[in-house]
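# sequence and predicted structure are below.
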Amino acid sequence: MRIAHIPLRVATGAFILNSGLGKRNLPAENAEALQGMAAQAFPFVKQWRPATFGTALSTAEIGIGAALLTPIVPSFLAGAALAAFGGGMVTMYWKIPGMHEEGDPRPTQDGLALAKDVWMLGGGLTLMLDGLRKR
C-alpha cells in the first residue's frame, strides 16, 4: 500500500465498516425496506428473505471496510471491492425512479442520499488504477 492511499483507505474504510456494523442486527422492517429499494435495481434480491439480505449487506460492508483498513490487502483488491460496492450504489441511484430527473444525472432532493455514493466508485477506481500502475 502506498502512503498516498492511506487517507482514502482510512476514510472510506472506517465509514463503510461503521455502516456494516450498524446493520448487524437490522430489524426486519428495516431490512425489508433496504431490500425493496435494492430490488428496484437488482431484481434477484427479491428472492431472498429480508433477514438474509440484511445479513449479506452487513457482511459485505464489514468486509469491504476491513479490506480497506488492512494495510496488507493490496490497493488494487481493496479498490475493486470498493468500486463494485460504489457501482452498485450508483446503479441503484440511476435505476430507482425519482432519484434524478428523467435523462438528467443531477439528483433530485430524494436522490441526494444515493448520488453522494459516487465517491465510493471514484475512490475504488482510483485505487485500482494506481494499483495497475504499480504492476
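Structure's in. What do you need?
# specify the local secondary structure of the nearest residue to residue 98 once chain neighbours are set aside.
In this structure, residue 98 finds its nearest non-sequential neighbour in residue 110, 5.2 Å apart by CB to CB, 6 or more residues apart in numbering. Heads up, the C-betas are built off the backbone N, CA and C, glycines and all. Following DSSP: H, G, I helix; E, B strand; the rest coil, residue 110 is assigned to coil.
# number of nearby residues for residue 110?
The tally of other residues near residue 110 (other CB atoms under 10 Å) stands at 13.
# what's the spacing between residue 127 and residue 83?
From residue 127 across to residue 83, the span is 8 Å (CB to CB, to the nearest Å).
# the two: who's more crowded?
The neighbour comparison of residue 127 against residue 83 (other CB under 10 Å) goes to residue 127, with 27 against 21.
# now for the helix or strand encompassing that one, which elements pack on it?
Assigned by DSSP states H and E, residue 127 falls within helix 118-134. If contacts are counted by 3 or more CB pairs under 8 Å, 6 or more residues apart in numbering; DSSP states H and E, helix 118-134 sits against helix 6-22, helix 75-95.
# returning to that earlier point: the residue nearest to residue 98 contacts residue 101, doesn't it?
No. Contact criterion CB atoms under 8 Å: residue 110 and residue 101 do not qualify, at 11.0 Å.
# how close does the spatially most central residue of the chain get to residue 40?
By CA atoms, centre = their mean, the chain has its centre lying nearest to residue 85, at 3.4 Å. Distance of residue 85 to residue 40, given as CB to CB: 17 Å.
# also residue 3?
40 Å.
# repeat that for residue 66.
For residue 66, the distance to residue 40 (CB to CB) stands at 28 Å.
# against residue 117, how distant is residue 54?
19 Å.
# of these two, give the one with the bigger neighbour count.
Neighbours were counted for residue 54 and for residue 117 using other CB under 10 Å; residue 54 has more, 22 against 17.
# apart from its chain neighbours, what residue comes closest to residue 101?
That would be residue 108: by CB to CB, 6+ apart, it lies 6.5 Å from residue 101.
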